[in-house]
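Q: coordinates for the following, if possible.
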Amino acid sequence: MRTLVFLISLLVTFLVFFVLYYVVKTKIAPGNQVHQRIKDLGGGGNGVVRTHAEELARIPFLDRTVLPLIHSAEQFLTKFAPSEIHATVDKKLMLAGKQGQWSVNRVITVWLLCQALFLALGIHFSSSQRSSYFEGIVFVWIFVIIGAFLPFAYLNSLIRKRQDFIIKQLPEVLDLLSISVQAGLSFDGALRKITNRMTGPVIDEFKRMQQDVRMGAPRARALQAVAKRCDVEDMHLFITSVVQAERLGTSMGKTLINQADNMRERRRQRAKAAALKAPIKMLFPLVLFIFPAMFVVILVPHIFNIVQKMGILK
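A: Numbering: from 1, shown residues only. Reported below is the predicted structural model:
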């Protein structure tokens with residue numbers, strides 16, 4: 001009983017920590033940093049010389065105490081993670097579109113804490129089942145593997161949702177691009193018009209591409225970076241055609257029209273494939289839920305009649 005109370009309190013502590021951690025890192029910390037920078041810029045031109053104690057007093061309490069503790073905890077916990085996981089987490093954050101919002105150390109910290117939580121749960125359940133030593137070790141390892149799998153499963157679900165949205169949004173963007181280029185705008189001008197009026201992961205990637213071009217990166221390299229961050233076959237085909245059209249000097253309008261037609265045809269093919277898969281997907285709900293109910297409605301009255309007749313015969 002004491003072990004159960006301890007594990008419940010540990011679980012509640014982890015949940016409260018995750019909630020506070022999320023609120024501090026996403027809501028409070030960015031606002032405090034912006035206000036502090038504005039104050040620093042506003043007071044920098046007055047010629048007032050402040051002491052170190054006055055500078056510390058001007059920093060909010062959250063930035064002085066809580067955030068350094070969180071960063072220290074992240075750096076300490078990430079030392080226990082394998083070195084290869086940093087590159088894996090960084091790639092998954094890039095594909096999920098969270099590279100500028102979530103840090104690698106933060107995700108690794110959550111991953112390690114999730115494993116520690118499931119380790120405690122596995123120890124509790126293995127001890128409560130009164131199993132053998134070998135079975136208890138296997139049970140604990142299963143829980144640890146589940147705890148290690150859950151954060152990456154969540155990231156993979158975010159990646160799939162983002163890629164599906166990119167596949168759905170890309171034909172619309174290409175239609176607008178082809179129409180704008182046919183109306184006389186350049187490729188960059190048409191892309192700027194679209195990014196100012198639309199939202200979504202495709203638009204976010206094109207905005208980042210425009211920022212890279214303004215920073216001095218070649219447009220072909222910036223477009224290839226977009227395809228790498230999306231990791232979608234349709235985006236790779238579109239980027240490849242645009243880069244080739246730019247290198248060979250062919251008409252950008254015709255290239256965009258062909259790509260828009262190609263993307264619409266690929267979307268029709270996906271819709272047909274999904275329609276063909278629908279009967280197979282409906283088979284499992286039919287077998288598990290609908291057929292048993294139909295059997296009960298049809299066969300149970302006949303079974304009762306047979307039982308009654310057998311009772312009369314006896």
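
Q: which parts of stretch 235-245 are buried?
A: Within stretch 235-245, the residues that qualify as buried are 235, 237-239, 241-243, 245, counting by 16 or more other C-beta atoms under 10 Å. Heads up, the C-betas are built off the backbone N, CA and C, glycines and all.

Q: chain center to it, what's the gap?
A: 26 Å (C-alpha atoms, centre = their mean, to the nearest Å).

Q: what of stretch 162-172?
A: Using C-alpha atoms, centre = their mean, the offset of stretch 162-172 from its chain centre is 15 Å.

Q: please apply the same query to stretch 167-185.
A: With C-alpha atoms, centre = their mean, you get 27 Å for stretch 167-185.

Q: name the SS class of Gly184, please.
A: coil (DSSP: H, G, I helix; E, B strand; the rest coil).

Q: next: Gly216.
A: Three-state assignment for Gly216 (three-state DSSP): coil.

Q: for it, give me phi and psi.
A: Backbone torsions of Gly216, given as degrees, to the nearest 10, read phi 110, psi 0.

Q: what's the spacing between it and Glu205?
A: 19 Å (C-beta to C-beta, to the nearest Å).

Q: just to revisit the earlier point, can you redo the buried residues of stretch 235-245 as a markdown table with distance to Ala275, pLDDT and secondary structure?
A: Formatted as a markdown table, these follow (distance: C-beta to C-beta, whole Å; pLDDT from 0 to 100; DSSP: H, G, I helix; E, B strand; the rest coil):
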| residue | distance to Ala275 | pLDDT | secondary structure |
| --- | --- | --- | --- |
| Met235 | 24 | 90 | helix |
| Leu237 | 23 | 89 | helix |
| Phe238 | 25 | 90 | helix |
| Ile239 | 29 | 91 | helix |
| Ser241 | 28 | 90 | helix |
| Val242 | 31 | 89 | helix |
| Val243 | 34 | 89 | helix |
| Ala245 | 34 | 87 | helix |
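
Q: so between Gly216 and Glu205, which is more surrounded?
A: Glu205 (20 against 6; other C-beta atoms under 10 Å).

Q: so which strand or helix has the more buried one?
A: Assigning secondary structure by DSSP states H and E places Glu205 in helix 201-214.

Q: alpha carbons only: can I get that helix in PDB?
A: Extracted in PDB, the C-alpha atoms of helix 201-214 (Å, rounded to 0.1, in the frame of the first residue of the first chain):
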ATOM      1  CA  PRO A 201       3.100  24.100 -43.100                       C
ATOM      2  CA  VAL A 202       3.800  24.600 -46.800                       C
ATOM      3  CA  ILE A 203       3.500  28.300 -46.400                       C
ATOM      4  CA  ASP A 204       5.800  28.200 -43.300                       C
ATOM      5  CA  GLU A 205       8.500  26.400 -45.300                       C
ATOM      6  CA  PHE A 206       8.300  28.800 -48.100                       C
ATOM      7  CA  LYS A 207       8.500  31.700 -45.700                       C
ATOM      8  CA  ARG A 208      11.700  30.200 -44.200                       C
ATOM      9  CA  MET A 209      13.000  29.700 -47.800                       C
ATOM     10  CA  GLN A 210      12.400  33.400 -48.500                       C
ATOM     11  CA  GLN A 211      14.300  34.300 -45.300                       C
ATOM     12  CA  ASP A 212      17.200  32.100 -46.300                       C
ATOM     13  CA  VAL A 213      17.300  33.800 -49.700                       C
ATOM     14  CA  ARG A 214      17.300  37.200 -48.100                       C
END
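
Q: need the contact partners of it.
A: Helix 201-214 has contacts (C-beta atoms under 8 Å, 6 or more residues apart in numbering) with 97, 162, 165-166, 169-170, 173, 188, 191-192, 194-195, 219, 221-223, 225-226, 229-230, 235.

Q: so Met94 makes contact with Arg229?
A: Yes. Using C-beta atoms under 8 Å, Met94 is in contact with Arg229, at 5.5 Å.

Q: give me the pLDDT for the closest residue to Arg264 other than its chain neighbours.
A: Using C-beta to C-beta, 6 or more residues apart in numbering and skipping residues adjacent in sequence, the residue nearest Arg264 is Pro171, 5.3 Å away. Looking at Pro171, its pLDDT is 88.

Q: for Lys281, see how far away Pro171 is.
A: 25 Å.

Q: so for the two, which sits in the more crowded spot?
A: Applying other C-beta under 10 Å to Pro171 and Lys281 shows that Pro171 carries more neighbours, namely 21 against 9.

Q: give the contact list for that one.
A: So Pro171 contacts 260, 263-264, 267 (C-beta under 8 Å, 6+ apart).

Q: what does Gly253 give?
A: By C-beta under 8 Å, 6+ apart, the residues touching Gly253 are 178, 181-182.
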